[in-house]
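Participant: below is the sequence, then the predicted model.
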Amino acid sequence: MPVALGSLKLMDGSLTTTAELTSRGSLALVFLRHLGCVFCRRLIAQLNRYSDWNVALVVLAVPEDARAYFATHPTSFPVVCDPEARLYSTLGLRRGGMSAVASPRVFGRAIAALAGGAGMGRVTGDPMQLGGAFVLDAGQELVWHYRSVDAADNPSVEEIGRALGQVVAGG
């Protein structure tokens, strides 16, 4: 049964659908925590190396905030704005407690991400919201999912690539 997400608002203000986004084949919907999240910024940078993949980034931001962020952190992927977290809820992405965003594990990984060049920024949206990724096939069927258990927990680019049927350079 196809995943029904309804109309999706892109950061340019236009609307699209999963049917439109899967018209090129399997689609990875990558849900980010917030645009200031060091882990999300690192994941975007890693995904940007694979601009030929069919990926859409889902952000907890209004279009204006998304445009401002991506004006200085460009991506070729469509950016879906979901400031009310409707899509996050529909796909079962949960909000974390304090241990999911402020544990020793999260702090340790944040230090490593910062040392690796990922920056932190202003929180846009709900800092307690956790992310994840979902792959829909061309028929909009859910074929793979990853739900983060804490702020530092993102799927690897390799996992997303495998789910899309893509080859990851060097992996």
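Facilitator: Yes, it's here. Residues are numbered from 1 along each chain as shown.
Participant: ends of stretch 89-97, what's the gap?
Facilitator: Taking CA to CA, to the nearest Å, stretch 89-97 runs 16 Å from one end to the other.
Participant: do the same with stretch 63-80
Facilitator: 8 Å.
Participant: try stretch 75-85
Facilitator: 21 Å.
Participant: and that stretch, what's buried?
Facilitator: 77, 78, 79, 80, 81, 82, 83, 85 (16 or more other CB atoms under 10 Å). For the C-beta atoms, the positions are set from N, CA and C on the backbone; glycine is no exception.
Participant: least confident secondary structure element in this structure?
Facilitator: helix 104-115 (a mean of 61; mean pLDDT, DSSP states H and E).
Participant: quick check: which helices or strands does the helix or strand following that helix pack against?
Facilitator: Sequence-wise, the next helix or strand downstream of helix 104-115 (DSSP states H and E) is strand 132-136. Secondary-structure packing of strand 132-136 (3 or more CB pairs under 8 Å, 6 or more residues apart in numbering; DSSP states H and E): strand 27-31, strand 142-147, helix 157-164.
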